[in-house]
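Undergrad: need the 3D shape of this:
(3 chains)
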Amino acid sequence: MIPAVRQAITRLVARNGSPRSTVPWHERLIEIGLFACGALSVLITGGILLVLAFETFEFFKGVSLAEFLGDTRWTPLFSDKHFGIWPLVLGTLLTSAIAIAVALPFGLLSAIFLSEFATPRTRRIVKPTLELLAGVPTLVYGYFALVFVTPLLQKVVPDLAGFNALAPGIVMGFMIMPMISSLSEDALYAVSNGLREGAYALGASKLPTIFRVVIPAARSGIIAAITLAISRAIGETMVVTIAAGQQPNFTLDPRVPIETMTAYIISISKGDTPTGTLEYRTIFAVGSMLFLMTLVMNLVSHRMAKKLRYGGAGQ
Amino acid sequence: MSIAKPKAHRASSAETAPKKIDVRDLSAGFGDKTVLRSISMPIEDRRVTAIIGPSGCGKSTFIRCLNRMHELSPIARISGRVLLDDRDIYDRGVDPVLLRRRVGMVFQKPNPFPTMSIRDNVLAGLRLTASLRRSTADQVAEKALVQAALWEEVKDRLDDTGGSLSGGQQQRLCIARALAVDPEVLLMDEPCSALDPIATARIEDLLHVLRNDYTIVIVTHNMQQATRVSDRTAFFLTGDLVEMGATDDLFTSPRDPRTEDYITGKFG
Amino acid sequence: MRAPGPVDRRRGKIGERLFVALSIACVIIPLAMLGILLGKVVVDGAERIDWSFIKGFPSRRAAVAGIWPALVGSVYLICLTALLAVPIGVGAAIYLEEYGRRSRVAGFIEVNIANLAGVPSVIYGLLGLEVFVRLFGFGATVLAGACTLAILVLPIVIMASREALRTVPDSLREGAYALGATRWQTIRRVVLPFALPGILTGAILAVARALGETAPLIVVGAVVFITFSPDLHSQYTALPIQIFNWVSMPQKAFLVNAAAAIVVLMVVLLLLNSVAIVLRNRYQKRNY
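TA: Numbering: from 1, shown residues only, chains lettered A, B, ... in the order given. Model (predicted):
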């Protein structure tokens, strides 16, 4: 039996292109072990898809797809139950939109500064410093949004509720700004200098060169950065759970409490909803929606990043 | 199509033309490294001046000093004077950006802007400097493309991207782009070294026509090219200007032994 | 047609200077906000920190509530998470970099890891809930929490380890092969030691990330009110959970406790990240 196993192993080895025709079995075993470590990631992906699909499927035995996508009220725990996903989706989109509205200008402008104006020494100091923003736990940002930003904004914005979408949105924006800044800066920096020199040689000054030559050449990388940031904002949990409230209002008004998809999952998990019930399954249905949205954004971002690598920036 | 152009220059090129650019005592370098040592030479109006020499002799640095592109490097050093129409371009009051609209440049590696169409590439110089008038845009583009001998090949696809052209076409596009700004001087840094012989020949033919309207300075490592296209030639060696004169004279009877050695291929 | 002249250039130069000032502001303002955030937290919570706070247990009275169970829980969590995530992550990185360079299977695994890095943390919580808590029967214990966090930080460990492995020059590997070493011998004795500082840096960063995670732990059942020191088989809590609970309380006094706990958390994170940075710097110097 052992020789047969050895033969099977040898046949597998040949495809690897290894110069040796026989590999000791313990080497091969180690390779299999390492492969298993890598394959675990595939298992995890499969696990996520299976879990979400299974529970969502069970969920849709109790709630119709039409109601899920058509109703504008989300009240699974009340006696008058509604299962329309839209208040949660709107809550997520509202906070994410505010976050991007902050992160985009700050991120892009700092990227332009770092790539086109800063000295190498400045870049080396500023880039990791901006990364600090991403190193603070999101929980702390939530505290900050609730305890400092909301009261501050209440002085300026009339009728701003204690829980609202504006404060966490803004704080999230600063939190994800380094993502846009760092990735866009990489894209801008990668634009070949020959393009810039071509523009300077025509008698163009720096700003028109940046905006009409460098940024267009780097645009796939910049879009990749932005879509990644959007995905991050959609998936963010603690900032909105703490500061945006737990009321699934169907609204686009940033001054009132809302509930995001992520915050809803937390609120159910914190409580005593018994497992196996329809109410329990709602967190998976919401989770599936969340997963789909971030997946789409991640795929778009990946596509854009590929375009950057394989042709475009002035080769 | 001609590959070997006979060395019959126009009779008028034997006369010395007025100086368009007068280089006086130009020294340049990067950090502690000196690349050019005290260069003094005239560049005559509406002539083609070739700069030849082995690699590393400072040719590229030299012409980049003529349109103040050398100083774009953070460790660049320059001293001396470069007079364009009797005004020093390194004077305090001179804006390098405005200077570069009078002294254009074509690079070794063609660099059309990849996200712009052919038409937009040609007009880029005007757009970037906010001096484009919509009403005359089409004519300006056509004129520049005709001057660069590219019009016939692209007139039906002006909206294709600049990157869809061949190497030689891209370089002619860059020439058209430089000409559209209506410069007085055209600097060319080894414009044909990345191109095949046929594309090279087409650009050399182009230069014969362009020199009627523009002062051209061309850096080349190809001596035959220098003899084919230029009226005057300057020979550089490790940062010094060894010899300069009428092209025919320099190549048939060089005065300096180092020039003779280089021309006969003993080094370089 | 005349090109624009010196007057336009003067305006252009002013415009350029304004733009640079604006873009510098875009760098400074977020950092200033971070400074204000840290300042606010310290001002709110620093004075609450004393030994009784650290060794105390949660209570309905804010003034005597402490973070001890939360600290113990967090320590258990990150130790277990590191024990799970680091070997598997490094193993996966070794496979991808040393064995699977050209194969399509490796490419597929790579795509998976990149996707996993972009999955929101709550989703990992949902996965952990179904698989570790219910299916495997771990219940709402530290083990389930650690497994969940481990798969969450796995992509971080893998990516950092791959970076570290890539810095090992091929000439080293070839030297070992030329001496007759097998692939694993080469990896174990030549490649890994060389890449070790980078791998450690990645591990520390992953642990730092796990320490601050809240959402997946809530979903997996970390509880908030524990009056005993947790162990592997009991209910448990963690520092971020405790903070979250205090922040959600209506009484203002608990906000002070939350701020104090945040300070403790940030200090630990600062320590961890500093170690990682010091490691990275020493490592870079050594290579040149």
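Undergrad: contacting residues around the residue in the stretch 51-200 of chain C positioned nearest to chain B?
TA: In the stretch 51-200 of chain C, the residue that lies nearest chain B is residue C:114 (26.8 Å; C-beta to the nearest C-beta). No exception for glycine: its C-beta is placed from N, CA and C like everyone else's. Listed by C-beta atoms under 8 Å, 6 or more residues apart in numbering or on different chains, the contact partners of residue C:114 are A:302, C:155.
Undergrad: wait, isn't residue C:251 in contact with residue C:63?
TA: No. Counting by C-beta atoms under 8 Å, residue C:251 sits too far from residue C:63 to count as a contact (10.8 Å).
Undergrad: would you say residue B:40 is within a helix?
TA: No. Judged by DSSP: H, G, I helix; E, B strand; the rest coil, residue B:40 forms no part of a helix; its state is strand.
Undergrad: that one and chain A, how far apart?
TA: Here residue B:40 is placed at a distance of 25 Å from chain A (C-beta to the nearest C-beta, to the nearest Å).
Undergrad: and the pLDDT at the closest residue to residue B:148 other than its chain neighbours?
TA: Ranked by C-beta to C-beta, 6 or more residues apart in numbering or on different chains and with sequence neighbours excluded, the top spatial neighbour of residue B:148 is residue B:176, at 3.7 Å. Here the pLDDT value assigned to residue B:176 is 94.
Undergrad: coming back round to it: could you look up the SS state of the residue of the stretch 51-200 of chain C closest to chain B?
TA: Secondary structure for residue C:114, judged by three-state DSSP, is helix.
Undergrad: what ranges does chain B have for its strands?
TA: All strands of chain B, identified by DSSP state E, fall at B:19-30, B:33-44, B:48-52, B:76-84, B:87-88, B:103-106, B:185-189, B:215-219, B:232-237, B:240-246.
Undergrad: re earlier: wait, the residue nearest to residue B:148 sits on residue B:143?
TA: No. Using C-beta under 8 Å, residue B:176 is not in contact with residue B:143; the gap is 9.0 Å.
Undergrad: who has more neighbours, the two?
TA: A direct count of neighbours by other C-beta atoms under 10 Å in any protein chain shown for residue B:176 and residue B:143 places residue B:176 higher, at 27 against 17.
Undergrad: the residue of the stretch 151-300 of chain A found nearest chain C - how many residues pack around it?
TA: The minimum distance from the stretch 151-300 of chain A to chain C, using C-beta to the nearest C-beta, falls at residue A:235 (2.7 Å). Number of residues near residue A:235 (other C-beta under 10 Å) recorded here: 25.
Undergrad: contacting residues for it?
TA: So residue A:235 contacts A:262, A:290, A:294, C:119-123 (C-beta under 8 Å, 6+ apart).
Undergrad: could you report the neighbour count for residue B:117?
TA: 17.
Undergrad: roughly how far does the closest residue to it other than its chain neighbours sit from residue B:119?
TA: Using C-beta to C-beta, 6+ apart and skipping the chain neighbours, the partner closest in space to residue B:117 is residue B:159 (4.7 Å). The gap separating residue B:159 from residue B:119 is 6 Å, by C-beta to C-beta, to the nearest Å.
Undergrad: show me the shaky parts of chain C.
TA: Judged by pLDDT under 70, chain C has its weakly predicted residues at C:1-8, C:224-227, C:230, C:284-288.
Undergrad: tell me, what residue is most central in it?
TA: Nearest to the mean C-alpha position of chain C, counting by C-alpha atoms, centre = their mean, stands residue C:209 at 1.6 Å.
Undergrad: that one is in contact with residue C:153, isn't it?
TA: Yes. Contact criterion C-beta under 8 Å: residue C:209 and residue C:153 qualify, at 5.5 Å.
Undergrad: and residue A:16, what pLDDT?
TA: 51.
Undergrad: please list the residues of chain A that sit near chain B.
TA: When proximity is defined as C-beta under 8 Å from any C-beta of the partner chain, chain A approaches chain B at A:119, A:192, A:194-195, A:197-205, A:208-209, A:212-213, A:216-217, A:219, A:312-315.
Undergrad: mind checking which of the residues you listed are buried?
TA: Using 16 or more other C-beta atoms under 10 Å in any protein chain shown as the burial test, the residues of chain A next to chain B include A:192, A:195, A:197-205, A:208-209, A:212-213, A:216-217, A:219, A:312-314 as buried.
Undergrad: near chain A, which residues of the stretch 101-250 of chain B?
TA: Applying C-beta under 8 Å from any C-beta, we find that the stretch 101-250 of chain B lies next to chain A at B:101-102, B:104-105, B:107, B:109, B:111-116, B:124-125, B:127-130, B:174, B:177-178, B:181.
Undergrad: if I look at the residue nearest to residue B:148, how far off is chain A?
TA: Look at residue B:176 and chain A: by C-beta to the nearest C-beta, they are 12 Å apart.
Undergrad: what sits against that residue?
TA: Contact analysis of residue B:176 by C-beta under 8 Å, 6+ apart lists B:121-122, B:141, B:144-145, B:147-148, B:150.
Undergrad: swap the cut-off to 7 Å and go again
TA: Residues in contact with residue B:176 (C-beta atoms under 7 Å, 6 or more residues apart in numbering or on different chains) are B:122, B:144-145, B:147-148, B:150.
Undergrad: out of the residues you listed, who has the most neighbours?
TA: Neighbour counts for the contacts of residue B:176 (other C-beta under 10 Å) peak at residue B:122, which has 31 neighbours.
Undergrad: surely that one touches residue B:145?
TA: Yes. Contact criterion C-beta atoms under 7 Å: residue B:122 and residue B:145 qualify, at 6.2 Å.
Undergrad: burial of the closest residue to residue A:138 other than its chain neighbours, as a residue count?
TA: Leaving aside its sequence neighbours, residue A:138 sits nearest to residue A:238 (C-beta to C-beta, 6+ apart; 4.3 Å). As a burial measure, residue A:238 scores 30 neighbours (other C-beta under 10 Å).
Undergrad: wait, doesn't residue A:238 sit right on residue C:216?
TA: No. With contacts counted by C-beta under 7 Å, residue A:238 stays clear of residue C:216, the gap being 10.8 Å.
Undergrad: so what pLDDT did the residue of chain B found nearest chain C get?
TA: Closest approach between chain B and chain C, counting by C-beta to the nearest C-beta: residue B:131, at 4.7 Å. Predicted confidence (pLDDT) for residue B:131: 80.
Undergrad: please report how far it lies from residue B:48.
TA: In this view, residue B:131 and residue B:48 are 27 Å apart by C-beta to C-beta.
Undergrad: okay, the two: which has more neighbours?
TA: Between residue B:131 and residue B:48, counted using other C-beta under 10 Å, the more crowded position is residue B:48 (27 against 18).
Undergrad: and the more buried one, what does it touch?
TA: B:207, B:211, B:216, B:218, B:229-231.
Undergrad: bridge partners for it, pull those for me.
TA: residue B:216 (DSSP bridges).
Undergrad: cool, and the one 4 residues further on?
TA: Under DSSP bridges, the beta-bridge partners of residue B:52 are residue B:235.
Undergrad: what is the neighbour count of the closest residue in space to residue C:23 that isn't next to it in sequence?
TA: Counting by C-beta to C-beta, 6+ apart, residue C:23 lies nearest to residue A:113, which is 3.7 Å off, once chain neighbours are set aside. Close neighbours of residue A:113, defined as other C-beta under 10 Å, add up to 24.
Undergrad: you'd agree residue A:113 is in a helix?
TA: Yes. The assignment for residue A:113 (three-state DSSP) places it in a helix.
Undergrad: gap between the host helix or strand of residue C:255 and the chain center?
TA: Secondary structure assignment for residue C:255, by DSSP states H and E: helix C:253-287. With C-alpha atoms, centre = their mean, to the nearest Å as the basis, helix C:253-287 stands 11 Å off its chain's centre.
Undergrad: buried ones in that helix?
TA: Within helix C:253-287, the residues scored as buried using 16+ other C-beta under 10 Å are C:254-266, C:268-269, C:272, C:276, C:279-280, C:283.
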